[in-house]
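Undergrad: Here is my input; please provide its structure:
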Amino acid sequence: MLSFLFKISRFRFWIYTGGTYVVGYALAAGALGDFFRFDYYIYLIYFFFFANVFIYGVNDYWDEKTDEKNPKKDEKEHRIKGEEKKKLLNVIYLVTGISLVLIVFQTNLERILFSFFLLLSYFYSSPPLRFKERPFLDFSSNYLYIMPGIFAYSMIADSIPSLIIMVGAYFHISAMHIFSAIPDIKYDKDAGINTTPVFIGKKASLILTLVFWLILSFIVINLADYRFLSFLVFLYPLFPFLLLIKDDLDINKLYWYLPYVNTSLGGLLFAALVLFNVFGVNI
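TA: Down below sits the predicted model:
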C-alpha cells in the first residue's frame, strides 16, 4: 500500500505543496521556538505527502479515460489500471478522513483556509465543477498550491499574508499551471479537455506565461528591496522567453527543469526568511 501511495503522490511535485507550507510558515515565524511546535511537524508531513496523495489521487480517479493516450503516464507518472481504481478510492477516503480529523483541532481561520484548499484540490479534477477543463479557471484554481502557505502563515500570525504577496503568488502559480499544460495541448484536445493552452494556443500561452512571471519578478524584487539574490526570480520568465525566440527548443524537456528551479529558489527564500525573521540576518 505504501508503494502505491508513493506512486500516486508524484514525488517530484511534493515541493509544490510542502514548499509553500514551509515558506508561508517561515514568513510568519518570529522565533526559533516556532519551528519546534508539534503542529508544525504534523502539517509538514501532511502537506508534503498526504496532500499530494489527495490532489493526484482525485486527479487520477477522474482522469482515467483522458490519461489513456498521455505518454507522461508511462514515462514520469503512474498510470491507474482498472483493478487499482477501488484501491485508489479507498486511499482518497483515507486522506479525507485524516483531513477531517485535523479540521477538528483547527481555529476558525485555519478551518476556512484548510477547507478552501481541500475544495479546490477536489473540484480541480472532479465534476461538476472540474476547473481543469475550463479556460482561465484552470490556472486560477491552481491557487490550491498556495493555500498551504497561507494556512501555515495563519498558524502563527492568526491572519493571512499581505495582499501583494498573495497577488504575486497568484501570478506564479497561474504561470506554472499554464506552462505545464502547454506540452499536453495535443492530448487534452484529443481527450476533449478545454484548458487555457488549448483555448488560446501555444504561442499565446507562452506570452501569457511570460507576462505573469514578469509581474511576479517585479513584485518579488520590489518586496526584497532590490537585493541582488532577488533577481534570480528572472529565471522563471526565461523559460517561456527562450521558447518564444527558439523554435528548436523542446518544451517537453525544458518543463522538467522547473521542479529544480522551484526547489532551489524556494529553498533560498525559506533560508532568507528564517535568517531574517528568526536571527535578524539580512541577506
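Undergrad: Now do the same contact list for the residue lying closest to A29 once chain neighbours are set aside.
TA: Nearest residue to A29, sequence neighbours excluded (CB to CB, 6 or more residues apart in numbering): N277, at 5.3 Å. All C-beta spots, glycine's among them, are computed from the backbone N, C-alpha and C. Taking CB atoms under 8 Å, 6 or more residues apart in numbering, we find N277 in contact with A26, L27, A28, A29, G30.
Undergrad: again, only using 7 Å
TA: Listed by CB atoms under 7 Å, 6 or more residues apart in numbering, the contact partners of N277 are A26, A29, G30.
Undergrad: Let's have these in JSON lines, adding secondary structure and distance to L269.
TA: JSON lines is the format used below for the contacts of N277 (DSSP: H, G, I helix; E, B strand; the rest coil; distance: CB to CB, whole Å):
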{"residue": "A26", "secondary structure": "helix", "distance to L269": "8"}
{"residue": "A29", "secondary structure": "coil", "distance to L269": "13"}
{"residue": "G30", "secondary structure": "coil", "distance to L269": "17"}
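Undergrad: now, among those, which is nearest to V95?
TA: A26 (25.4 Å; CB to CB).
Undergrad: Once you drop chain neighbours, what's closest to that closest one?
TA: Nearest to A26 is L273, by CB to CB, 6+ apart, at 3.9 Å.
Undergrad: Next: W14.
TA: F48 (5.1 Å).
Undergrad: Go ahead and confirm the one you found touches Y16.
TA: No: with contact defined as CB atoms under 7 Å, F48 does not reach Y16; the gap is 10.1 Å.
Undergrad: which one of the two has more residues nearby?
TA: Y16 (24 against 19; other CB atoms under 10 Å).
Undergrad: Quick one: name whatever helix or strand follows the host helix or strand of the more buried one.
TA: In this assignment (DSSP states H and E), Y16 forms part of helix 14-28. Next in sequence after helix 14-28, counting helices and strands by DSSP H and E, comes helix 38-45.
Undergrad: Check which helices and strands that next one sits against.
TA: The contact analysis (3 or more CB pairs under 7 Å, 6 or more residues apart in numbering; DSSP states H and E) places helix 38-45 against helix 14-28.
Undergrad: Now do the helix it packs on and helix 38-45, the angle between them.
TA: 150 degrees (axes from the mean of the first three to the mean of the last three CA atoms, to 10 degrees).
Undergrad: residue ranges with poor pLDDT in the stretch 1-150 of the chain?
TA: 67-78 (pLDDT under 70).
Undergrad: Which parts of it are helices?
TA: 2-9, 14-28, 38-45, 51-62, 72-75, 85-104, 108-123, 137-140, 147-157 (DSSP state H, counting those that start in this stretch).
Undergrad: TSV for those, including distance to N282?
TA: Listed next are the helices of the stretch 1-150 of the chain as TSV, based on distance: least, CB to CB, whole Å:
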stretch	distance to N282
helix 2-9	37
helix 14-28	15
helix 38-45	24
helix 51-62	32
helix 72-75	42
helix 85-104	35
helix 108-123	30
helix 137-140	34
helix 147-157	21
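Undergrad: Quick one: closest of the ones you listed to I193.
TA: Of all those, helix 137-140 comes closest under CB to CB, at 9.0 Å.
Undergrad: name the helices or strands packed onto that closest one?
TA: helix 163-181.
Undergrad: and the helix it packs on with helix 147-157, angle?
TA: Using the same axes, to 10 degrees: helix 163-181 against helix 147-157 is 160 degrees.
Undergrad: going on from helix 163-181, what's the next piece of helix or strand?
TA: helix 185-191.
Undergrad: re earlier: mind listing what the residue nearest to A26 touches?
TA: Contacts of L273 (CB under 7 Å, 6+ apart): V23, A26, L27.
Undergrad: go again using 8 Å as the cut-off
TA: Here L273 is in contact with V23, A26, L27, A29 (CB under 8 Å, 6+ apart).
Undergrad: any idea which of those residues is closest to P259?
TA: V23 (15.5 Å).
Undergrad: Quick check: that closest one vs A169, distance?
TA: Remark: distance between V23 and A169 (CB to CB, to the nearest Å) = 10 Å.
Undergrad: Now for those two: what residues contact both?
TA: The contact lists of V23 and A169 share G149, where a contact means CB under 8 Å, 6+ apart.
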